[in-house]
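Novice: the sequence and its predicted three-dimensional model are supplied below.
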Amino acid sequence: MPRPTYSIVAPAYNEEETLPEFYRHVREVMDGLGEPWELILVNDGSTDNTGEVMRQLHEQDPRVRIVEFARNFGHQIAITAGMDHASGDAVVTIDCDLQDPPEVIPDLIERWKEGYQVVYGVRAEREGETWFKLFTARLFYRLIAALTDVEIPMEAGDFRLLDRQVVEELRRMRERRRFIRGMTAWVGYRQIGVPYVRHPRFAGETKYPFRKMFRLALDAITGFSDFPLRLAWLCGAVMLGLGLLLGIVLLGLRLAGTSPLAGQGLMLTVALLLAGVQLIFVGILGEYLARIYDEVRGRPLYTVHRRIGFDEEM
Ligand code: UDP
Ligand code: MG
């Protein structure tokens, strides 16, 4: 098989309804470019008919290749597996629910041909999202920008084109708690954003409930900032200062013959406050520790049940 110029990588978790339409769009757009391409579908442990739908697409069109996980590993790992298996000179990662329109891919490619090695989609508009999703997403981007040490573009998701050189660099980063947006910003190279309108989902519902978004946010912060760890210094210093001040004031009042602060209520309040602050920092330590433990075990990022449509040596 000749090496394709373009690899389109799409993760899918229970996407039986969206995949055929997604494939049609991709084929239409990519055939229009007149250069060889492949579509790598990563089946992230779907429990519906997604696997069968993928195999039918591969039967129709051998340029559709399938990586089938042995269970659900999550969106970021699925994208990683797709990049591991992609052989194109440029690799485009895109969701398969048609929220990121395949019609924008030629715009990304145009920028790549101008010499940019990372071209990421910027959501100029988001149609059909709940106010809660928009609000938490905005909060998330702000928090990340404030806390992390790398410049992660605002309003950019995981719809992007990567040059082969960047893909190779990313493939060397085997961290388990992956925030690919951050990793892509970290590697450097010439990067540029392309605005696009993010559509509502074609069918089905989001596979990213609040719980998963929260976890992604934690991975993003712990993966790219140690500020939360250092926050304990600041908090400790402030509390120590307040404590000393209070001590001096109380001593002065005692020497002057009055002692206004004798209440048990006050003691209880201070004790709870201190315990709370301390436990929060133990929790923050725990978040980092759990991630260190996760890395140290050195398990593989994912397990593959089967691959379909790749050359032997994969
Ligand atoms: N996805 C996945 N594994 C998961 C969750 C999601 O591969 O555990 C895929 C999903 O099929 C879709 C993409 O990741 O192609 C983005 O998910 P979704 O559209 O549900 O997220 P949203 O766009 O609502 O943030
Ligand atoms: Mg989506």
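Specialist: Structure received. Numbers count the residues shown, from 1 in each chain. Ligands and ions are numbered 1, 2, ... in the order given.

Novice: apart from its chain neighbours, what residue comes closest to Val197?
Specialist: Counting by Cβ to Cβ, 6 or more residues apart in numbering, Val197 lies nearest to Glu125, which is 4.6 Å off, once chain neighbours are set aside. Using the backbone N, CA and C atoms, a C-beta is placed for each residue, glycine as well.

Novice: so the one you found, which state does it fall into?
Specialist: Three-state call for Glu125 (DSSP: H, G, I helix; E, B strand; the rest coil): strand.

Novice: any residues of the stretch 201-314 of the chain in contact with ligand 1? List them.
Specialist: Residues of the stretch 201-314 of the chain lying close to ligand 1 by Cβ under 6 Å from any ligand atom are Thr206, Lys207, Tyr208.

Novice: pretty sure Gln99 sits against Ala203.
Specialist: No. Counting by Cβ atoms under 8 Å, Gln99 does not reach Ala203; the two are 11.2 Å apart.

Novice: give the contact list for Asp100.
Specialist: Asp100 is in contact with Ile94, Gly121, Gly157, Phe159, Tyr196, Arg198, counting by Cβ atoms under 8 Å, 6 or more residues apart in numbering.

Novice: next, it: secondary structure please.
Specialist: Classification of Asp100 by three-state DSSP places it in coil.

Novice: next one: Gly283
Specialist: Gly283 is classified as helix under three-state DSSP.

Novice: burial count for the residue nearest to Val197?
Specialist: Neighbour count of Glu125, defined by other Cβ atoms under 10 Å: 10.

Novice: gap between Thr303 and ligand 1?
Specialist: Distance of Thr303 to ligand 1, computed by Cβ to the nearest ligand atom, to the nearest Å: 15 Å.

Novice: typed the wrong thing, it's Lys133
Specialist: Separation of Lys133 from ligand 1 (Cβ to the nearest ligand atom) stands at 7 Å.

Novice: neighbours of Thr50, how many?
Specialist: By other Cβ under 10 Å, the residues close to Thr50 number 23.

Novice: quick one: it and Ala10 touch, right?
Specialist: No. Thr50 is beyond contact range of Ala10, at 11.4 Å (criterion: Cβ under 8 Å).

Novice: residues of this structure that sit close to ligand 2?
Specialist: Selection of the chain residues close to ligand 2 by Cβ under 5 Å from the ion yields Asp95, Asp97, Gln99.

Novice: try 6 Å this time
Specialist: Counting by Cβ under 6 Å from the ion, the residues of the chain close to ligand 2 are Asp95, Asp97, Gln99, Arg201, Thr206.

Novice: quick one: secondary structure of the first one?
Specialist: Of the three states, Asp95 takes coil according to three-state DSSP.

Novice: dump the residue contacts of it.
Specialist: Taking Cβ under 8 Å, 6+ apart, we find Asp95 in contact with Ala10, Pro11, Gly157, Asp158, Phe159.

Novice: please repeat the previous calculation with a cut-off of 10 Å.
Specialist: 10-12, 15, 18, 22, 75, 79, 157-159, 198, 201, 207-208 (Cβ atoms under 10 Å, 6 or more residues apart in numbering).

Novice: nearest to Thr136, of these?
Specialist: Nearest to Thr136 out of the contacts of Asp95 is Tyr208 (Cβ to Cβ; 10.7 Å).

Novice: what's the burial count for the closest one?
Specialist: Burial of Tyr208 is recorded as 14 neighbouring residues (other Cβ under 10 Å).

Novice: what segments of the stretch 51-200 of the chain are strands?
Specialist: 64-69, 90-93, 118-126, 156-163, 191-198 (DSSP state E, counting those that start in this stretch).

Novice: rewinding a little: how far away is the residue nearest to Val197 from ligand 1?
Specialist: According to Cβ to the nearest ligand atom, Glu125 stands 15 Å off from ligand 1.

Novice: other residues contacting stretch 48-64?
Specialist: By Cβ under 10 Å, 6+ apart, the surrounding residues in contact with stretch 48-64 are 1, 4, 8, 12-20, 22-24, 26-27, 30-31, 36-46, 65-68, 96, 204, 305-306, 308-309.
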